[in-house]
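Undergrad: need coordinates for the below:
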Amino acid sequence: MKTLFAAGLLASALATPAVAAPLCDDFGFAGLLAACNRAEEPIRLTLASGEPLGKDMVLQSGAYYELEIVADGSAELAIEGPSFFRSIWMNEIVINKIEIRPMAIDSIEFDKAGTVTLSFIAIKPGSHVVRIPGTTGETQRVTFNIQ
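TA: Sure thing, here's the model as predicted:
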């Protein structure tokens with residue numbers, strides 16, 4: 001039990017926090033989408049053949065984030081993360097300045113270079129993996145720890 005606890009502490013210490021601004025005292029009309037509830041910088045993942053996807057992140061449940069996924073076009077690549085995508089409330093997905101408001105997604109695939117921006121509120125605490133399908137390497141996945 002002690003080793004499991006120690007492993008959890010080590011994992012949380014190694015993960016890069018994506019700290020949102022403190023939750024608002026008064027959300028006002030915007031609710032959870034209020035500016036004071038948003039992370040300052042977007043989370044960035046890079047889809048490139050043979051390159052690391054990104055770093056593990058710690059998210060705050062109830063905070064608003066933007067996830068920017070950039071594909072360099074070096075290969076036809078996708079990311080999948082059904083556990084993560086079902087643990088967030090997705091506000092919108094923006095592709096080529098087109099805004100999409102989905103109920104849920106399982107994966108996103110890039111046939112050529114491009115950028116997708118997802119805005120969401122982290123909801124369900126836990127550890128959720130987003131990865132490049134069919135890969136097993138540690139650098140080809142990112143773990144989002146929602147606290």
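Undergrad: gap between residue 128 and residue 104?
TA: As judged by Cβ to Cβ, to the nearest Å, residue 128 and residue 104 stand 14 Å apart. Yep, even glycine has a C-beta here, placed from its N, CA and C like the rest.
Undergrad: between those two, which one's more packed in?
TA: residue 128 (21 against 9; other Cβ atoms under 10 Å).
Undergrad: need the contact list for the residue nearest to that one when sequence neighbours are not counted.
TA: In this structure, residue 128 finds its nearest non-sequential neighbour in residue 84, 3.7 Å apart by Cβ to Cβ, 6 or more residues apart in numbering. Contact partners of residue 84, counting by Cβ atoms under 8 Å, 6 or more residues apart in numbering, are 128-130, 144.
Undergrad: buried subset of the residues you listed as a ChimeraX selection?
TA: Burial among the contacts of residue 84 is assessed by 16 or more other Cβ atoms under 10 Å; the matching ChimeraX selection reads:
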select :128,130,144
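Undergrad: pLDDT wise, what is residue 50 at?
TA: What the model reports for residue 50 is a pLDDT of 87.
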